[in-house]
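> I would like to see how this sequence folds:
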Amino acid sequence: MFTPQGPTLRELAVQALSSVEHGYDLLAPKFDHTPFRTPDSILDAVATALDRIGPFDRGLDLCCGTGAGMEVLRELCRESVTGVDISAGMLAVGRGHVDATRARERGEAEELKRGEAEAPERGGANEPQRGEVKAPGRALPDGVPRVGWVRGDARALPFAPVFDVVVSFGAFGHFLPRELPGLFAEVHSVLRPGGRFAFPIMAPPRPSSPVYWALLAFDIVMRVRNAVWRPPFVMYYRAFRLDDVRRELVRAGFEVELHALPEFGRRPDGSPRCRMVVATRVSGPTPA
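Sure thing, here's the model as predicted:
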């Protein structure tokens, strides 16, 4: 499950005995080499589904970690992309990733400009022929949205209602079920009317699946750990259930739609293996 570049067993043990914030500060340099990072297949599927809904102007990646979701938003948003996370270490790694991507894009753009300057004025190899539709290329750096990083708690977001879309990947296991109403109210409060809150959710594994028992064992271990050790490290992935999530989103003032992600196929009963939840803020203030 872990690559050679990932954390050692000792490093994982130290992280697991820390708070959520400090644990992720410790894990941050090697986080992208663990199975805790959201797989590219899920990121790509959500990006494709959101592309059909967008475009958007301003996006927020909630609990952004090292910025995997930020890359999704950079392809969808025209003005700005913001990542918020409680871990300063994860934010630092994410900022480094985006800086490296920007440097690479600047180099590609400069190479493209040099090629255009050297090409003949008419009839060049890059000029589309009559009847040919030329595929659009990557936007130049001056068309890339601004990127910002904010250290903050998702349960007390430090933003006004300025975002058109909020996404989140793999973070909801760090919130207890009783915290969902407050969390969703915070998201509602930072969205413009008509703004979308989108995230993927996998169908729960069946009891006959080894994944079911692995998640159950992990859940039990974490509950025992939190019963005997302080500070707590909340990480309960089995507690985030679609029916509960949908109910609390509606209570928070959202209209909820479910979009099947066809890339992951369907279960034997015909239901999707993975869905994207899209919660739209309706007009009016955030419910108290």
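
> for the protein, where's the lowest mean pLDDT among helices and strands?
Least confident helix or strand, the chain: helix 88-118 with a mean of 80, by mean pLDDT, DSSP states H and E.

> so where's the stretch 1-150 of the chain shaky on pLDDT?
Applying pLDDT under 70 to the stretch 1-150 of the chain flags residues 1-3, 108-109, 112-113, 115-143.

> helices along this protein, start to end?
Assigned by DSSP state H, the helices in the chain fall at 9-16, 20-27, 40-51, 68-76, 88-118, 180-190, 210-228, 242-251.

> just checking, what packs against the least confident helix or strand of the chain?
Where contact means 3 or more C-beta pairs under 8 Å, 6 or more residues apart in numbering; DSSP states H and E, helix 88-118 is packed against helix 20-27, helix 68-76, strand 77-85, strand 146-151. Any C-beta I mention is one placed from the backbone N, CA and C, and that applies to glycine too.

> quick one on the thing from earlier: tell me which of the helices of the chain sits most buried.
Counting by mean count of other C-beta atoms under 10 Å, helix 68-76 has the highest mean neighbour count of the helices of the chain, with a mean of 23.

> outside of that one itself, list whatever touches it.
Residues from elsewhere that reach helix 68-76 (C-beta atoms under 8 Å, 6 or more residues apart in numbering): 32, 37-38, 43, 46-47, 50-51, 54-56, 59-61, 64, 81, 83, 94, 97-98, 101, 144-145, 147, 165, 167-169.

> residue contacts, residue 42?
Under the criterion of C-beta under 8 Å, 6+ apart, the neighbours of residue 42 are 169, 200, 261, 274.

> for residue 68, see how far away it is.
Distance from residue 42 to residue 68, counting by C-beta to C-beta, to the nearest Å: 9 Å.

> ok, and the closest non-adjacent residue to residue 181?
residue 248 (5.5 Å; C-beta to C-beta, 6 or more residues apart in numbering).

> re the thing from before, how about CSV for the helices of the chain, with distance to residue 283 added?
Shown next, in CSV, are these (distance: least, C-beta to C-beta, whole Å):
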stretch, distance to residue 283
helix 9-16, 43
helix 20-27, 35
helix 40-51, 22
helix 68-76, 23
helix 88-118, 33
helix 180-190, 12
helix 210-228, 39
helix 242-251, 15
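
> so for residue 234, which of those sits nearest?
Shortest distance between residue 234 and these, using C-beta to C-beta, is found for helix 20-27: 6.2 Å.

> about what we covered before: among the contacts of residue 42, which ones are buried?
169, 200, 261, 274 (16 or more other C-beta atoms under 10 Å).

> tell me which residues touch the residue nearest to the last one when sequence neighbours are not counted, please.
Spelled out, that is residue 274. Ranked by C-beta to C-beta, 6+ apart and with sequence neighbours excluded, the top spatial neighbour of residue 274 is residue 264, at 4.1 Å. The contact partners of residue 264, by C-beta under 8 Å, 6+ apart, come to 41, 45, 272-274.

> quick one: residue 264 from residue 88, how far?
Noted for residue 264: a distance of 34 Å to residue 88, by C-beta to C-beta.

> got it, and residue 206?
Note on residue 206: its distance to residue 88, by C-beta to C-beta, is 39 Å.

> repeat that for residue 192.
Distance, residue 192 to residue 88, by C-beta to C-beta: 28 Å.

> next one: residue 191
Residue 191 is 26 Å from residue 88, by C-beta to C-beta.

> cool, residue 163 as well?
Taking C-beta to C-beta, one finds residue 163 at 22 Å from residue 88.

> try residue 228
Residue 228 sits 28 Å away from residue 88, taking C-beta to C-beta as the criterion.

> residue 111 too?
From residue 111 over to residue 88 (counting by C-beta to C-beta), the distance is 35 Å.

> just the pLDDT for residue 241.
We have a pLDDT of 91 for residue 241.

> what sits against the closest residue to it other than its chain neighbours?
Spatial nearest neighbour of residue 241, chain neighbours left out: residue 204 (7.4 Å); criterion: C-beta to C-beta, 6+ apart. By C-beta under 8 Å, 6+ apart, the contact list for residue 204 reads 212, 238, 241.

> in the sheet, who's paired with residue 163?
With DSSP bridges as the criterion, residue 163 is bridged to residue 191.

> how about it, what does it touch?
By C-beta under 8 Å, 6+ apart, the contact list for residue 163 reads 58-60, 82, 190-192, 195.
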